[in-house]
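Engineer: please work out how this folds:
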Amino acid sequence: MTSIPVERKLSNLLKTPMDYPSAQRIIVETLRETFSLSRVNILLYNKSKEMLEAISSVGHPQQDFRDIRTPLLNIPGISARAVQSRSFLQNRSFVIRDRDKDPEYRMRHKFPHKTYSREFAIFPLTLGKRRLGVLSIAVDENNPTLLAPPLIRKVGRLCRLVTKVILSTIPKIPSEGEMQTIIKEILHTSKLYNVFQPIVDIEKSEIHAYESLLRVSHPKVPDVTTLLNYAEKLNELRDLSHFSHYNTVQSLKNLKGSQKMFINLNPKDFEEYLDIERPSNPFYRQDMSRIVFEITERCYVEDSQRLNSTLTFFKGLGAGVAIDDLGSGYSSLEMLTILEPDYLKLDMSLIRSIDRNIRKEKLVRTLLYYSDQIGCRCVAEGVETSGEFEVLKALKCNLMQGYFISPPTEKMQDNLEMSRRLRKL
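Structural biologist: Got it, this is the predicted structure:
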């Protein structure tokens, strides 16, 4: 076993421009394969939440993409997450070899369908005074590899190089003053635009609707989520929403037959749009029967009764309502009973790897039954593999959306061409 090839591979990442998720995936897979590790995680420090967070971990034997969050303030016991927090706070490495005295760890072994590491090591990712997070490695009970001292030393020496690679891929965040200038520049140029992702009806082999998604093209703004977060903080969200909604309704004329347009709408936007007769209203003189407003479950609604009365007004004009990201954020049971939605959009976290997770399959089956009982339709978001597609098809989840079917595009797709593609799937 030698670390020379892995050093060269990581060094090459410094010479190749790429985003952080791509670099992280290469780092994780390279370390896992080079040193025969069962699991490799990279967690970065989120200062605003005081948490270590990761967007992916690569496990054994298949890839397992999950959202990992480690609180820095709650670190009892010798669990992996507690040691990750301690490693970051104390800025030193930890190696855990014997977990038999950890009662929580022993309890987990009552569930044989889950895998837990017998031993693991945590390394802080530090460069000078800059501390990014931690790198953790582990082996499980079925892996012949042990975290021997030579292996620990080799991985530890690579952490400085890993830190450099991560720093080279993380975009520099502008100050609030710079961001305010950037937002104004984006609004007054062609750097903000909408794309449309089809929502297909598998049973009819046709495009049922499109979801309008905002996109940004600016060297200092990595994605639209960053833009929206800053806009909300700087009280500029209204202008971005207005721009997106105005662009979207201009595309309604391109819909065919009974196709609809799904539009993401923050409950705070509704109050301004109530005056439907105002010419500056994006929905002024528009066919509201073509529109479905998506209310995200992640957005906590303090006054649900007031929101319901506002939605009732738009429903009276013919608009539909969808609860977006169901299963991802705040509890939406009250929203389900009060808002009386026309669509339930199942979050991609429920759909991802559903073909390998019987619990997800049963939960989606239950939600499909529930939606049928209350007279609304389910849309599966984030369908990315043929396995996920086949399971959802077998469950008779007829409305689907995701990259396996089609990515978002600036121009709406031809319905006939999509029908031919769906018949081949």
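Engineer: ranges for the helices of the stretch 201-350 of the chain?
Structural biologist: 224-233, 237-250, 267-273, 304-316, 333-339, 348-351 (DSSP state H, counting those that start in this stretch).
Engineer: make a markdown table out of the ones you listed and add mean neighbour count.
Structural biologist: (Each C-beta comes from the backbone N, C-alpha and C, glycine too.) Shown next, in a markdown table, are these (neighbours: other CB atoms under 10 Å):
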| stretch | mean neighbour count |
| --- | --- |
| helix 224-233 | 17 |
| helix 237-250 | 18 |
| helix 267-273 | 16 |
| helix 304-316 | 15 |
| helix 333-339 | 14 |
| helix 348-351 | 20 |
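Engineer: so which of those helices comes closest to residue 11?
Structural biologist: Of all the helices of the stretch 201-350 of the chain, helix 224-233 sits nearest to residue 11, with 28.6 Å by CB to CB.
Engineer: returning to that earlier point: so which of the helices of the stretch 201-350 of the chain comes closest to residue 32?
Structural biologist: Nearest to residue 32, of those and by CB to CB, is helix 348-351 at 23.4 Å.
Engineer: what average pLDDT does stretch 253-265 get?
Structural biologist: For stretch 253-265, the mean per-residue pLDDT is 92.
Engineer: other residues contacting it?
Structural biologist: 199, 207-214, 241, 245, 248-249, 251-252, 290-296, 320, 322, 324, 343, 412, 415 (CB atoms under 8 Å, 6 or more residues apart in numbering).
Engineer: just the buried ones among those residues, please.
Structural biologist: 199, 207-214, 241, 245, 248-249, 252, 290-296, 320, 322, 324, 343, 412, 415 (16 or more other CB atoms under 10 Å).
Engineer: can you tell me the distance between the two ends of stretch 250-262?
Structural biologist: End-to-end span of stretch 250-262 (CA to CA, to the nearest Å): 13 Å.
Engineer: does residue 74 count as helix, strand or coil?
Structural biologist: When classified by DSSP: H, G, I helix; E, B strand; the rest coil, residue 74 comes out as coil.
Engineer: and what of residue 163?
Structural biologist: Per three-state DSSP, residue 163 ends up helix.
Engineer: where does the stretch 301-425 of the chain have low pLDDT?
Structural biologist: 301-304, 327-334 (pLDDT under 70).
Engineer: work out for me the element the nearest residue to residue 155 once chain neighbours are set aside sits within.
Structural biologist: Nearest non-adjacent residue to residue 155, counting by CB to CB, 6 or more residues apart in numbering: residue 137, 6.0 Å away. Here residue 137 sits within strand 130-140, counting by DSSP states H and E.
Engineer: got a list of contacts for that strand?
Structural biologist: Strand 130-140 has contacts (CB under 8 Å, 6+ apart) with 31, 35, 37-45, 52, 60, 80, 83-84, 87-88, 91, 115-126, 145-147, 155, 159, 162-163, 166-167.
Engineer: tell me which residues of it are tucked away?
Structural biologist: Neighbour-count burial for strand 130-140 [16+ other CB under 10 Å]: 132, 133, 134, 135, 136, 137, 138, 139, 140.
Engineer: any idea how far residue 36 is from the last one?
Structural biologist: Counting by CB to CB, to the nearest Å, the gap between residue 140 and residue 36 amounts to 12 Å.
Engineer: average model confidence for stretch 5-18?
Structural biologist: For stretch 5-18, the mean per-residue pLDDT is 84.
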